[in-house]
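Q: Attaching a predicted model along with its sequence, questions to come.
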Amino acid sequence: MLTIVSETFYRRSAQIILGITALIALLTFRHYGITWDEELQSQYGLAVVDYYFSGFKDDRYREIFNLYLYGGMFDGLASLFDRYTPFSVYETRHSLNALFGLLGLWGTWRLGRLIGGSVVGLIALILLTLTPVYYGHMFNNPKDIPFATGIIWTLYFMSRCLHEWPRPKISLIVKLSLILGLTLGVRVGGIMLIAFWLVPMGFEALKNVCQKPDAATLRASIILLWHYAIKLVLPVVVIAYVIMLICWPWAQQHPIMNPLRALSEFSNFPQDVEVLLDGTIYRSTQLPWFYVPLYFGIQLPEFLLGLVIAGFLLLPWIVRKLTPPQNQALTISLLMGFVPMIYAIIRHPALYDAVRHFLFAIPIMCILAALVAHHVYVWAIAQFERNWSKRLIAVSLLTVFFISMLTQIVVMWQLHPYEYIYANRFTGGIPGAYGRYELDYWGTSFKEAAQKLQAIVNKEGGVPPGKIYKIAICGPWSAAMIYMPPDYDPVIANEPADFFLSTTRWLCQDMRPGKEIIRVERMGAPLAIVKDLRAGFEHYKGNENLK
């Protein structure tokens with residue numbers, strides 16, 4: 001039933017989905033609050049731009065936490081754009097972030113189509129668009145979304161080069177070099193793509209030797225690998241490295257050693273914070289091996305998760321249906337998607353904030369899931385001979401798919417603008433995940449809490465003349481105060497104050513007593529709490545009854 005539809009239909013459908021998503025992003029990007037890290041990210045972007053505008057003399061970027069370990073591609077670009085947009089700095093950043101997220105959706109469609117055909121590309125696009133953990137990060141995650149977008153487009157152009165080997169177009173090599181360089185300009189860890197890119201050609205050489213194990217074949221295989229490395233891989237690496245250095249001020253100081261230092265730092269990241277996993281609190285430096293798979297198990301939609309699991313079982317049958325270039329593209333994509341997870345399972349690096357550091361794997365999972373969905377669909381129809389039976393099976397399978405996607409749309413609408421806190425039904429949804437897993441780890445709900453607090457105070461007649469309301473904050477100060485007028489002043493969470501604003505992460509809401517006046521929640525799970533301390537709690541020191 002799918003095979004009788006023209007290629008134009010799939011292309012137009014993908015364009016319509018991308019267009020609708022872009023329109024929704026345009027209408028809603030202002031709904032999203034700033035994240036825990038975003039103020040520092042914005043400062044880093046300003047420092048990167050100042051470094052270039054000062055003639056490479058202003059090295060203030062070194063002083064902003066550890067952000068010098070990251071390339072300044074996105075943050076610098078956002079700071080530059082902010083000079084020419086009518087929006088606030090954070091609205092500019094969120095709109096640009098959304099643009100990168102949309103480019104990631106487009107890249108997923110293109111790579112899926114390259115690997116499995118137009119049907120697979122369209123299914124992968126739909127699956128990714130309706131994956132809340134990806135969509136929710138699209139607007140205010142300046143590290144992981146641009147990196148994920150760079151990864152998917154790099155995989156696409158690497159796959160195109162494999163398709164056209166031994167004579168890939170110069171324009172294709174230039175595009176690949178540019179995209180890879182910009183990706184490294186976000187996070188140098190993307191360099192692992194080069195190693196994965198060598199694997200398909202290595203398999204090809206090994207297969208030739210195994211089929212004809214003689215000296216001539218071995219010599220021809222070595223020459224093949226040599227030409228591949230020298231004529232294609234080396235030029236791409238050199239050009240991409242130069243582009244990375246252009247994006248990354250700290251790397252320019254020591255072009256070899258500093259990127260290596262950053263790689264070493266990310267491999268053993270020293271960030272030591274409390275992490276909630278299945279109701280147990282761990283240190284981020286002492287996580288169990290199942291941290292990454294378990295978080296993916298609760299944050300991927302059930303339909304997508306089932307298809308991904310089935311993908312590993314059905315992979316031997318799927319690859320038989322693909323051409324050699326398609327299998328090569330699938331190989332490097334799966335290596336990029338799952339080898340970093342295997343590394344995390346074995347080496348236990350410091351991780352936190354659920355699986356946001358692995359967002360780049362989700363588009364690859366959607367492509368694998370799309371391959372499985374298409375394979376199962378074709379296999380199921382082939383089991384019947386009569387046309388009415390084939391149509392019945394086709395309609396049934398498509399109905400299941402569309403109901404699953406419609407369900408995701410409803411859930412994402414209910415969670416908006418906190419789609420990234422999504423938890424599937426295997427853990428009891430959002431209510432079941434509350435208190436067991438991280439939900440609003442970015443603290444973006446502080447925007448809604450701050451706006452509601454202003455509305456309550458304004459209803460009372462506003463802040464009394466000559467008074468400054470003090471807000472004790474347990475959570476990211478900037479995520480709240482950017483939305484508050486000057487007659488509100490933040491203080492440390494246990495100091496005397498008029499109001500207490502807290503995230504529900506780390507049980508912050510239980511830190512001190514007060515009359516709860518605001519609760520920001522989604523689907524029954526509280527994300528931020530505001531308490532009124534004015535009625536007898538203004539003397540509270542906060543050190544006697546802390547939990």
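A: Structure received.
Q: what ranges do the strands span in this structure?
A: 274-277, 280-283, 469-474, 488-492, 499-503, 515-522, 525-532 (DSSP state E).
Q: Could I get the buried residue list for the second one?
A: Using 16 or more other C-beta atoms under 10 Å as the test for burial, strand 280-283 gives Y282. To be clear about C-beta, it is placed using only N, CA and C from the backbone, and glycine gets the same treatment.
Q: one step back: nearest to L198, of the strands of the chain?
A: In terms of C-beta to C-beta, the element of those nearest to L198 is strand 274-277, at 34.8 Å.
Q: centre of the chain versus that closest one, how much separation?
A: 19 Å (C-alpha atoms, centre = their mean, to the nearest Å).
Q: Which pLDDT value belongs to the most centrally placed residue in the chain?
A: Centroid-nearest residue in the chain, with C-alpha atoms, centre = their mean: L359, separated by 3.4 Å. Per-residue confidence (pLDDT) for L359: 97.
Q: now swap in A350 and tell me
A: 89.
Q: Of the strands of the chain, which stretch is the most buried?
A: Of the strands of the chain, the one with the most neighbours on average (mean count of other C-beta atoms under 10 Å) is strand 499-503, at a mean of 27.
Q: partner strands of it, parallel or antiparallel?
A: Using DSSP bridges, the strands paired with strand 499-503 are strand 469-474 (parallel), strand 525-532 (antiparallel).
Q: how about these, which one is nearest W106?
A: Across these (criterion: C-beta to C-beta), the nearest stretch is strand 525-532, sitting at 31.0 Å.
Q: got the angle for that closest one vs strand 515-522?
A: Taking axes from the mean of the first three to the mean of the last three C-alpha atoms, to 10 degrees, strand 525-532 and strand 515-522 form an angle of 160 degrees between their directions.
Q: which other residues reach strand 525-532?
A: With contacts defined as C-beta atoms under 8 Å, 6 or more residues apart in numbering, strand 525-532 is touched by 418, 421, 430-431, 433-434, 439-440, 443, 445-446, 448-449, 452-453, 475, 498-504, 508-509, 512-521.
Q: same deal with stretch 61-74?
A: Under C-beta under 8 Å, 6+ apart, the answer for stretch 61-74 is 40-41, 43-45, 47-48, 51, 75, 96-97, 100, 142-143, 146, 182, 184-188, 244, 247-251, 261-262, 265-266.
Q: Any regions of the stretch 251-400 of the chain where pLDDT drops low?
A: The model of the stretch 251-400 of the chain has pLDDT under 70 over residues 269-270.
Q: ok, 80 please
A: Applying pLDDT under 80 to the stretch 251-400 of the chain flags residues 267-271, 385.
Q: try the chain
A: For the chain (pLDDT under 80), the answer is 1-5, 208, 267-271, 385, 535-547.
Q: one step back: for the strands of the chain, give me TSV that also has distance to T331.
A: As requested, the strands of the chain are arranged in TSV below (distance: least, C-beta to C-beta, whole Å):
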stretch	distance to T331
strand 274-277	32
strand 280-283	34
strand 469-474	47
strand 488-492	51
strand 499-503	42
strand 515-522	39
strand 525-532	40
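Q: quick one, which of the ones you listed is nearest to L224?
A: strand 274-277 (46.4 Å).
Q: Can I get that closest one as PDB, trimmed to CA atoms?
A: As requested, the backbone C-alpha atoms of strand 274-277 are provided in PDB (Å, rounded to 0.1, in the frame of the first residue of the first chain):
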ATOM      1  CA  GLU A 274      23.200  14.500  43.200                       C
ATOM      2  CA  VAL A 275      21.400  12.500  40.600                       C
ATOM      3  CA  LEU A 276      18.000  10.900  41.100                       C
ATOM      4  CA  LEU A 277      17.500   7.500  39.500                       C
END
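Q: on contacts alone, who are the packing partners of it?
A: strand 280-283, helix 291-299 (3 or more C-beta pairs under 8 Å, 6 or more residues apart in numbering; DSSP states H and E).
Q: Adding distance to S396 as columns, could you present those in JSON lines?
A: Below are the helices and strands packed on strand 274-277 laid out as JSON lines (distance: least, C-beta to C-beta, whole Å):
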{"stretch": "strand 280-283", "distance to S396": "42"}
{"stretch": "helix 291-299", "distance to S396": "27"}
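Q: who wins for proximity to L178 among the ones you listed?
A: Among the helices and strands packed on strand 274-277, helix 291-299 sits nearest to L178 (C-beta to C-beta), with 30.7 Å.
Q: tell me which residues in the closest one are buried?
A: Y291, V292, L294, Y295, F296, I298, Q299.
Q: same check, this time on stretch 56-63
A: Those would be Y61, for stretch 56-63 by 16+ other C-beta under 10 Å.
Q: coming back round to it: quick check: the residue nearest to the centre of the chain touching G136?
A: No - between L359 and G136 there is no contact under C-beta atoms under 8 Å: 10.3 Å.
Q: Keeping just the C-alphas, turn stretch 165-184 into CSV.
A: Provided in CSV are the C-alpha atoms of stretch 165-184 (Å, rounded to 0.1, in the frame of the first residue of the first chain):
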residue,chain,number,x,y,z
TRP,A,165,33.4,6.7,-3.6
PRO,A,166,35.9,6.6,-5.3
ARG,A,167,34.9,9.9,-6.9
PRO,A,168,32.9,12.0,-4.5
LYS,A,169,32.3,15.5,-5.7
ILE,A,170,34.5,18.3,-4.5
SER,A,171,31.4,20.2,-3.4
LEU,A,172,30.3,17.2,-1.3
ILE,A,173,33.7,17.1,0.4
VAL,A,174,33.6,20.8,1.2
LYS,A,175,30.1,20.5,2.7
LEU,A,176,31.2,17.6,4.9
SER,A,177,34.2,19.4,6.0
LEU,A,178,32.2,22.5,6.9
ILE,A,179,29.5,20.6,8.8
LEU,A,180,32.1,18.5,10.7
GLY,A,181,34.1,21.6,11.6
LEU,A,182,31.1,23.4,12.9
THR,A,183,30.1,20.3,14.9
LEU,A,184,33.5,20.2,16.5
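Q: chain center to it: distance?
A: On C-alpha atoms, centre = their mean, the centre of stretch 165-184 falls 23 Å from that of its chain.
Q: now swap in stretch 457-477 and tell me
A: The mean C-alpha position of stretch 457-477 is separated from the chain mean by 35 Å, C-alpha atoms, centre = their mean.
Q: What lies in contact with it?
A: Against stretch 457-477 from outside (C-beta under 8 Å, 6+ apart): 35-36, 443, 446, 453, 480-481, 484, 487-503, 505, 508-509, 511-512, 528, 533, 542.
Q: rerun that using 6 Å as the cut-off
A: 36, 443, 487-491, 493, 495, 497-503, 508, 511 (C-beta atoms under 6 Å, 6 or more residues apart in numbering).
Q: The strands paired with strand 499-503: which one's closest to V273?
A: strand 469-474 (14.3 Å).
Q: Next, the angle from that closest one to strand 488-492.
A: 40 degrees.
Q: L315 versus the nearest residue to Y51 once chain neighbours are set aside, what's the distance?
A: Nearest non-adjacent residue to Y51, counting by C-beta to C-beta, 6 or more residues apart in numbering: P249, 4.8 Å away. Here P249 is placed at a distance of 43 Å from L315 (C-beta to C-beta, to the nearest Å).
Q: Tell me which of those two has more neighbours.
A: P249 (25 against 16; other C-beta atoms under 10 Å).
Q: Please report the distance of that one from R93.
A: 19 Å.
Q: L128 - how many residues pack around it?
A: 29.
Q: contacting residues for it?
A: L105, T108, Y134, P363, C366.
Q: among the residues you listed, which are in helices?
A: L105, T108, Y134, P363, C366 (DSSP state H).
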